[in-house]
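Visitor: Need a 3D model of the sequence below.
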Amino acid sequence: MADDTQRDRGAEASAKTSSLMKKQLIMNDRDKPVSLSDVQVFIDQQKKANTKRATNRDVKNIQRWLAVNKFELRPLFLVEPELLDEYLSQLYISIRKADGGEYEPGSLDQLRASLERHLLDNKYQTSLRDRIFHKSQKDCVTKSKEKLGKPTHQRLFPLTKRTRCGRMAILATPVQK
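Guide: All right, here's what the predicted structure looks like:
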């Protein structure tokens, strides 16, 4: 009889263990493995439609400029960093709008950001912020300063100035030009 009691207790313990293991399996089911393609699909879904559109447009414009001016037909992510730096340097200095006017500095920054996103998506070997792209960075900043002459907030809000903490303060009198 003692053996029967022990067997019953053993059966109950094994049933509890089995039930506990099923619960753990159910809980761990939510931790199912995800493939790399699923991860890429998720990342692509998170990108904003306007950002994708702007990136594609800007990359297409850069590739068109390279094809016409440098006879470079390779995709941007296949161009060596040193050569890409030279191309970008010349691009930033010479690029114009369709009507022949100069791009605003913010537009040049957006162009660089689009190119950076494109290169990152295609696993380019380096970032546009790396030291190897110093020349093109310098030329882009120089072109921006040449176009602006003064900070953007003064152009957009002539009756304001930036305080030490970066906030906008309204001036009583107009900014002297």
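
Visitor: List the contacts of stretch 103-117.
Guide: 51, 54-55, 57-59, 61-62, 76, 88, 92, 95-97, 127-129, 140, 143-145, 147-148, 152 (Cβ atoms under 8 Å, 6 or more residues apart in numbering). Any C-beta I mention is one placed from the backbone N, CA and C, and that applies to glycine too.

Visitor: All the strands of this structure, residue numbers only.
Guide: Secondary structure of the chain, counting by DSSP state E: strands at 160-162, 168-170.

Visitor: okay, and the helix or strand of the chain with the least pLDDT?
Guide: For the chain, using mean pLDDT, DSSP states H and E, the weakest element among its helices and strands is helix 152-156, scoring a mean of 49.

Visitor: Could you tell me the model confidence score at the nearest residue to Ala67 once chain neighbours are set aside?
Guide: Excluding the flanking residues, the one nearest Ala67 by Cβ to Cβ, 6 or more residues apart in numbering is Leu73, at 5.8 Å. Leu73 is assigned 93 on the pLDDT scale.

Visitor: and Leu73, how many residues sit next to it?
Guide: The number of residues packed near Leu73 is 8, by other Cβ atoms under 10 Å.

Visitor: cool, the one 5 residues further on as well?
Guide: The local packing of Leu78 (other Cβ under 10 Å) involves 10 other residues.

Visitor: and what of the one 3 residues further on?
Guide: When neighbours are defined as other Cβ under 10 Å, Pro81 has 16 of them.

Visitor: what does the one 4 residues further on give?
Guide: Neighbours of Asp85 under the rule other Cβ under 10 Å: 21.

Visitor: any idea how far Cys140 is from it?
Guide: 11 Å (Cβ to Cβ, to the nearest Å).

Visitor: Give me the buried subset of the contacts of stretch 103-117.
Guide: Among these, those classed as buried by 16 or more other Cβ atoms under 10 Å are 54-55, 58-59, 62, 76, 88, 92, 95, 128, 140, 143-144.
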